[in-house]
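Engineer: fold the following, please.
(one chain, ligands or ions: 1)
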Amino acid sequence: MAYPFQITSMEQYEKAYRESIDNPDQYWSSVAEHFHWRKKWDRVLDWNFIEPKIEWFGGGKLNITENCIDRHLETMGDKPAIIWEPNHPDERTRIVTYNRLHKRVCQFAQVLKNNGVKKGDRVCIYMGMVPELAYAVLGCARIGAIHSVIFGGFSAQSIADRLEDAKAEYIVTCDGAYRGGKDIPLKSVIDDALMGNKVVKRVIVYTRTRTPVSMIKGRDVWWEDEMEHAEAQVERENVVSMPATEMDAEDPLFILYTSGSTGKPKGVVHSCAGYMIWATYTFVNVFQYKPGEIHFCTADVGWITGHSYIIYGPLCAGATSLMFEGIPTYPDAGRFWDIVDKHKVNFLYTAPTAIRSLMGFGLDPLKGKDLSSLKKLGTVGEPINEEAWHWYDENVGNKKCPIVDTWWQTETGGVLISNLAGVTPSRPGWATLPLPGVLPKLVDEQGKEVVEKDENGLLKGNLCIAAPWPGIIRTTYGDHERCRVNYFATYENLYFTGDGALKDENGFYRITGRVDDVLNVSGHRIGTAEVENAINMHAGVVESAVVGYAHEIKGQGIYAYVIFNGHKKDDDMTRKDILATVSRIIGPIAKPDKIQFVPGLPKTRSGKIMRRILRKIAEGETSNLGDVSTLLDPGVVEEIRAGKV
Ligand code: WT7
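Structural biologist: Below you'll find the model as predicted:
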């Protein structure tokens, strides 16, 4: 497959950027032409950021799976679409060709249909990283069901909340999932999430770990039985494949829940056509994919990175996507390097937190591993510190691989700001230039564009985007007003990212981190309010306040200040009980790294917690806490500072 929209020089980038801004309709139709449409669009773009209303390729009809699979079959049917690497290296690798992927996706789409799933229904997917997860996602897309993948680290309570919000009637899960030395009982977590749930009609369970599970009559069915049945049906009825359902360009493709500054995660909704084009366009341009290359994105499909750069982007581009079930440190810290060596990986895409954690094991795990197949490297999810960047460059890339630092969000569908591997310049710690179609603006608190440079000659402000790109969020599921308030109401006529950024004289951007109450822990997004709500569920907790602090490996750690008034066994036991509560309510990923018991919290006279002060104390700043005179009880600050853990 050739990519006529692939940018291969700095001059081409500049030209494409200019065209995309001056004449977006013309630019994006010339990209969209290279996809498979059942019916061509009537208008390229219709939008306002007031409601907001964003429609790309209105009137167009398509199915994303025909773009991901069917259109490749004639020329690439025997080429690997997915190479699956198991958790443990002793287990066999699985190679899924495009032909096989087509067969399995159609078969699973039939299974969904047989179980009553219709276009527009919500299907919650809670699985480990097995190829069947890709079949489930694409099977939904095939028949126009809206998938909502939930990361395997979320608790039963989190799943229950998401099921309720999405009003999901169907679940696809596994008996269990292998992750490193752990065996996570996914089905059992689902059973807990379904206590009292009267909406879910069917749970389809794929066998991975052979963990005993309880199968409830009339509700739970085995994946294997259903697939067998579908296969027999296909043979009997002599149906060649499950036809793809024709979708409107703006029909929702999926929901993915993500944290914000309120206590409740929101369901980010992406559309069929715009998302497809953005995921594919950015995949081909940022990573500079060349036919035949092996693409290895280490993310989990439970996050947007896995949606866009393990499944949709690579498959739409006819690429070979490597899917890894396990973790970087199992059975040892050389696992990534073994995989690169074994499968001759050409592009490796991972999070700075993984790089920092692997740095901690020194160079031994790299010894004897042939990494010469690597041509390009990438990072995603959080700012990368220069030390980690250089370690990656020297020891993994052998100083010959361009590194792309890709800035984006669940809401953006794909990369917005990044260098293009080997095509536009890189700079350690900087995401650099916006992709074509992306119009970043740095604004001050009032929403005025920042024009005044700081003492280092840099512009500094809150990062907004001034016009829609095809992959932008369309709504938050079931609550459009929430979408407006969250992203489009802070500053008039701008999409607000929640991030702060710097801009240099070359127009390069450096993301400095969140400016709202959202934490980024090991590249995972967690709202402080969510963690506080979970802590407050513990019977003895009166009140809590959560802030982030710089953490050597995780990027940010979670620091919780807790007013405790219950029965305290001792501080350590009570801390463990609070951690268990947070695990139960959200999941282990949200467990605080530090808990400090405090007699009170610094509040203004109107009752607002002064997080600025708590952040400074958590960071270890002992002097210069700023003005505390407006506090209700300034004395509490001294006590908190004295008790820092
Ligand atoms: C937040 C979005 C993008 C997929 C994974 C995370 C931070 C993301 C970078 C980067 C600095 C980054 C931002 C953003 N972030 N990429 N290259 N440099 N920060 O998706 O969970 O939606 O989180 O991650 O703060 O707002 P997400």
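Engineer: for the closest residue to residue 17 other than its chain neighbours, helix, strand, or coil?
Structural biologist: Spatial nearest neighbour of residue 17, chain neighbours left out: residue 436 (4.9 Å); criterion: CB to CB, 6 or more residues apart in numbering. Where you see a C-beta, it was placed from the backbone N, CA and C, and this is true even at glycine. With DSSP: H, G, I helix; E, B strand; the rest coil as the basis, residue 436 sits in coil.
Engineer: can you give me the separation between residue 436 and residue 470?
Structural biologist: Taking CB to CB, to the nearest Å as the measure, residue 436 falls 11 Å from residue 470.
Engineer: and if you look at residue 358?
Structural biologist: Going from residue 358 to residue 470 by CB to CB gives 35 Å.
Engineer: what's the local residue count around the residue nearest to residue 17?
Structural biologist: 24 (other CB atoms under 10 Å).
Engineer: just say helix, strand or coil for residue 20.
Structural biologist: Applying three-state DSSP: residue 20 is helix.
Engineer: contact partners for it?
Structural biologist: 27, 28, 436, 437 (CB atoms under 8 Å, 6 or more residues apart in numbering).
Engineer: one more time with 6 Å, if that's ok
Structural biologist: Counting by CB atoms under 6 Å, 6 or more residues apart in numbering, residue 20 touches 27, 436, 437.
Engineer: need the pLDDT of the second one.
Structural biologist: To tie it back to what came earlier, the one meant is residue 436. Looking at residue 436, its pLDDT reads 98.
Engineer: going forward, begin numbering at 577 instead of 1
Structural biologist: All right, first residue 577 from here; so that's residue 1012.
Engineer: ok, back up a step: now flag whichever of the contacts of residue 596 is closest to the ligand.
Structural biologist: residue 1013 (17.1 Å; CB to the nearest ligand atom).
Engineer: for the lengthiest helix in the chain, packing partners?
Structural biologist: Identified as the longest helix of the chain according to DSSP state H is helix 674-690. Packing contacts for helix 674-690, counted by 3 or more CB pairs under 6 Å, 6 or more residues apart in numbering; DSSP states H and E, involve helix 647-652, helix 707-719, helix 799-812.
Engineer: can you tell me which of these has the worst average pLDDT?
Structural biologist: Taking the mean pLDDT of the helices and strands packed on helix 674-690, helix 799-812 comes last: a mean of 91.
Engineer: next secondary structure after that one?
Structural biologist: strand 823-824 (DSSP states H and E).
Engineer: centre of the chain versus that next one, how much separation?
Structural biologist: Between the centre of strand 823-824 and the centre of its chain there are 24 Å (CA atoms, centre = their mean, to the nearest Å).
Engineer: neighbouring strands - and their directions - for it?
Structural biologist: In the sheet, strand 823-824 lines up against strand 637-638 (antiparallel) (DSSP bridges).
Engineer: helix or strand next in line after the strand it pairs with, which one?
Structural biologist: Trace forward from strand 637-638 with DSSP H and E and the next one is helix 640-641.
Engineer: what is that following helix packed up against?
Structural biologist: Looks like helix 640-641 contacts helix 707-719 (3+ CB pairs under 6 Å, 6+ apart).
Engineer: okay, the angle between the helix it packs on and helix 674-690?
Structural biologist: Helix 707-719 and helix 674-690 are oriented at 70 degrees to each other (axes from the mean of the first three to the mean of the last three CA atoms, to 10 degrees).
Engineer: I'd like the next helix or strand past helix 707-719.
Structural biologist: strand 722-725.
Engineer: C-alpha coordinates for that following strand, PDB please?
Structural biologist: Extracted in PDB, the C-alpha atoms of strand 722-725 (Å, rounded to 0.1, in the frame of the first residue of the first chain):
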ATOM      1  CA  ILE A 722     -20.200   1.200  19.900                       C
ATOM      2  CA  HIS A 723     -17.400  -0.400  21.800                       C
ATOM      3  CA  SER A 724     -16.200   0.900  25.200                       C
ATOM      4  CA  VAL A 725     -12.900  -0.800  26.200                       C
END
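Engineer: what does it contact?
Structural biologist: With CB under 6 Å, 6+ apart as the criterion, strand 722-725 contacts 698, 699, 700, 701, 713, 716, 742, 828, 830, 831, 877, 878.
Engineer: what's opposite the first one in the beta bridge?
Structural biologist: Beta-bridge pairing of residue 698, defined through DSSP bridges, involves residue 722.
Engineer: buried set for stretch 955-972?
Structural biologist: By neighbour count with 16 or more other CB atoms under 10 Å, stretch 955-972 contains the buried residues 955-961, 964-965, 967-969, 971-972.
Engineer: list the contacts for the residue in the stretch 677-826 of the chain that the ligand sits nearest to?
Structural biologist: Closest residue of the stretch 677-826 of the chain to the ligand, CB to the nearest ligand atom: residue 727 (10.4 Å). Residues in contact with residue 727, defined by CB under 6 Å, 6+ apart, are 876, 878.
Engineer: repeat for the one 5 residues further on
Structural biologist: For residue 732, the contact set (CB under 6 Å, 6+ apart) comprises 765, 768, 769.
Engineer: which residues of the stretch 1027-1176 of the chain lie near the ligand?
Structural biologist: Applying CB under 6 Å from any ligand atom, we find that the stretch 1027-1176 of the chain lies next to the ligand at 1073, 1074, 1075, 1087, 1089, 1090, 1096, 1101.
Engineer: that's a strand at residue 1133, yeah?
Structural biologist: Yes - under three-state DSSP, residue 1133 falls within a strand.
Engineer: and the residue lying closest to it once chain neighbours are set aside, how close does it get to the ligand?
Structural biologist: Leaving aside its sequence neighbours, residue 1133 sits nearest to residue 1127 (CB to CB, 6+ apart; 3.5 Å). As for residue 1127, its distance to the ligand is 15 Å (criterion: CB to the nearest ligand atom, to the nearest Å).
Engineer: ok, what's across the strand from residue 1127?
Structural biologist: residue 1131.
Engineer: using the three-state scheme, assign residue 1063.
Structural biologist: Per three-state DSSP, residue 1063 ends up helix.
Engineer: same check, this time on residue 784
Structural biologist: coil.
Engineer: OK, contacts around it?
Structural biologist: 706, 750.
Engineer: what about it, distance to residue 660?
Structural biologist: Taking CB to CB, one finds residue 784 at 12 Å from residue 660.
Engineer: and residue 924, by the same measure?
Structural biologist: 17 Å.
Engineer: number of residues surrounding whichever residue of the stretch 877-1026 of the chain sits closest to the ligand?
Structural biologist: Closest to the ligand within the stretch 877-1026 of the chain is residue 986: 3.4 Å, counting by CB to the nearest ligand atom. Neighbours of residue 986 under the rule other CB under 10 Å: 19.
Engineer: please report how far the residue lying closest to residue 745 once chain neighbours are set aside lies from residue 738.
Structural biologist: In space, and not counting its chain neighbours, residue 745 is closest to residue 777: 4.9 Å by CB to CB, 6+ apart. Between residue 777 and residue 738 the computed distance is 17 Å (CB to CB).
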